[in-house]
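Chemist: Here's a sequence, model it:
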Amino acid sequence: MPDADKSALHSQKSLDQALRPSLWDDYIGQPTIKENLRILLAAAKGREQQPEHVLLYGPPGLGKTTLAHLITREIGTSLRSTSGPAIERVGDLAAILTNLSPGDVLFIDEVHRLNRAIEEVLYPAMEAGVLDIVIGKGPSARTVQLELPPFTLIAATTRISMLSAPLRSRFSGGTFRLTYYTEDEIVRILTRSSEILGITADAESIREVARRSRATPRTANYLLKRARDFAAVTGEAMSAKTVRKALALLEIDELGLNQTDRDILTALVDKFEGKPVGLKTLAAALSEEDATVEEVHEPYLMQLGLLERTPRGRMVTDKGYLHIGYEKKKPTLGL
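Modeler: This is a model prediction of the structure:
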């Protein structure tokens, strides 16, 4: 990779890290979770013990990784990060655990993608601080137990239902669900981000970005940077008008819907005449994966009240009809 490309990549990583809060007071939103975690950490510090294991779950982009960094900073140790898909074999997990230093925080993102064999090895590590390794096969196989240094596991997932019950129950420090942010909270996050990025933006333009951010800080910061780029290239001042033009170019409407979101609503109304439609049928009509429709697009459409799931299938609400400019047909009475 050329030096210029490496420098640009490093600069982008540094920029993303700069936007991540490093102090509890800079972390905006999720007040109940923050208070619970601060009490958990203060109590452990008072007892001079390692904080218990914590599970964080919720939609992507809400700050689970940031909380892991804040917890690590509060403890004053190192953060070792990995992800469920990266741990393919029991040996991978064993290598990670045995290389931890006393007091370290191990952060496993997308923990629901760990396979069951690896979970079985994780149980004694979380409960008793030991690692059971089977050496050999057949009648000559034997188990070796290794002592692990005290550590705190912070796991994050977007699909808590896919975690096994035994694994969920071992997060004795607590299981916390991150929720979507209010518009005012997003405004405060964007105000802080604009100061870090050196963007001169008035309150109206910040509010305009916040309205279209899907109530998610990661999306809000992404849209702010794209609006900044648009203003810089076109030579326009950072105003609400400029933001609207920039986001229109990204096909983001006033509610934060992208083109695929609108295609889902339009397909249900236009192709299927407003009748209930199953997930597989809808995904096939859009040439999208089932999981993409169900996990990426539907939650926000349902949160806004534009889409509903019924026992018979997906249907557009009255508000959804209004948003895409269609008139809802009245049901015809049979004879």
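Chemist: residue closest to the middle of the chain?
Modeler: The chain has Pro60 as the residue nearest its centroid, 1.6 Å off, counting by C-alpha atoms, centre = their mean.
Chemist: That one reaches Arg218, doesn't it?
Modeler: Yes: using C-beta atoms under 8 Å, Pro60 is in contact with Arg218, at 7.2 Å. C-betas here are computed from N, CA, C, even on glycine.
Chemist: separation between Arg170 and Ile135?
Modeler: Separation of Arg170 from Ile135 (C-beta to C-beta, to the nearest Å) stands at 25 Å.
Chemist: typo on my end, it should be Ala94
Modeler: 11 Å.
Chemist: Show me which of those two is the more surrounded one.
Modeler: The neighbour comparison of Ala94 against Ile135 (other C-beta atoms under 10 Å) goes to Ala94, with 19 against 9.
Chemist: can you tell me the helix or strand for that one?
Modeler: helix 90-98 (DSSP states H and E).
Chemist: Mind checking the pLDDT average for that helix?
Modeler: Helix 90-98 carries an average pLDDT of 89.
Chemist: swap in stretch 160-178?
Modeler: In this model, stretch 160-178 has a mean pLDDT of 91.
Chemist: Please apply the same query to stretch 235-249.
Modeler: Stretch 235-249 comes out at a mean pLDDT of 94.
Chemist: So what touches that stretch?
Modeler: 199-202, 204-205, 207-209, 212, 223, 226-231, 234 (C-beta atoms under 8 Å, 6 or more residues apart in numbering).
Chemist: Go again with 6 Å.
Modeler: The contact list for stretch 235-249 (C-beta atoms under 6 Å, 6 or more residues apart in numbering) reads Thr200, Ala201, Glu204, Ser205, Glu208, Val209, Arg212, Arg226, Ala227, Phe230, Ala231.
Chemist: Give me the phi and psi for the second one.
Modeler: Which is Ala201. Backbone torsions of Ala201, given as degrees, to the nearest 10, read phi -130, psi 140.
Chemist: OK, contacts around it?
Modeler: By C-beta under 6 Å, 6+ apart, the neighbours of Ala201 are Ser194, Met238.
Chemist: from memory the residue nearest to the centre of the chain sits against Thr158, does it?
Modeler: Yes: contact criterion C-beta atoms under 6 Å: Pro60 and Thr158 qualify, at 5.5 Å.
Chemist: tell me the domain ranges of the protein?
Modeler: Following automatic domain parsing, the chain resolves into domains at 9-177, 183-249, 259-324.
Chemist: Figure out how far the first one is from the centre of its chain.
Modeler: Here the centre of mass of C-alpha atoms in domain 9-177, compared against the chain's by C-alpha atoms, centre = their mean, to the nearest Å, lies 16 Å away.
Chemist: Burial check on Thr157, number of neighbours?
Modeler: So Thr157, with other C-beta under 10 Å, has 22 neighbours.
Chemist: any residues touching the host helix or strand of Ala220, and which ones?
Modeler: Using DSSP H and E, the element containing Ala220 is helix 217-234. With contact meaning C-beta under 6 Å, 6+ apart, helix 217-234 is reached by 19, 61, 186, 189-190, 193, 199, 209, 213, 238, 242-243, 246.
Chemist: want to throw those residues into CSV with distance to Lys319, secondary structure and neighbour count?
Modeler: Output for these, formatted as CSV (distance: C-beta to C-beta, whole Å; DSSP: H, G, I helix; E, B strand; the rest coil; neighbours: other C-beta atoms under 10 Å):
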residue, distance to Lys319, secondary structure, neighbour count
Leu19, 33, helix, 17
Gly61, 24, coil, 21
Ile186, 21, helix, 27
Ile189, 27, helix, 27
Leu190, 26, helix, 26
Ser193, 30, helix, 21
Ile199, 33, coil, 18
Val209, 23, helix, 31
Ser213, 19, coil, 26
Met238, 31, coil, 22
Thr242, 29, helix, 19
Val243, 24, helix, 26
Ala246, 26, helix, 25
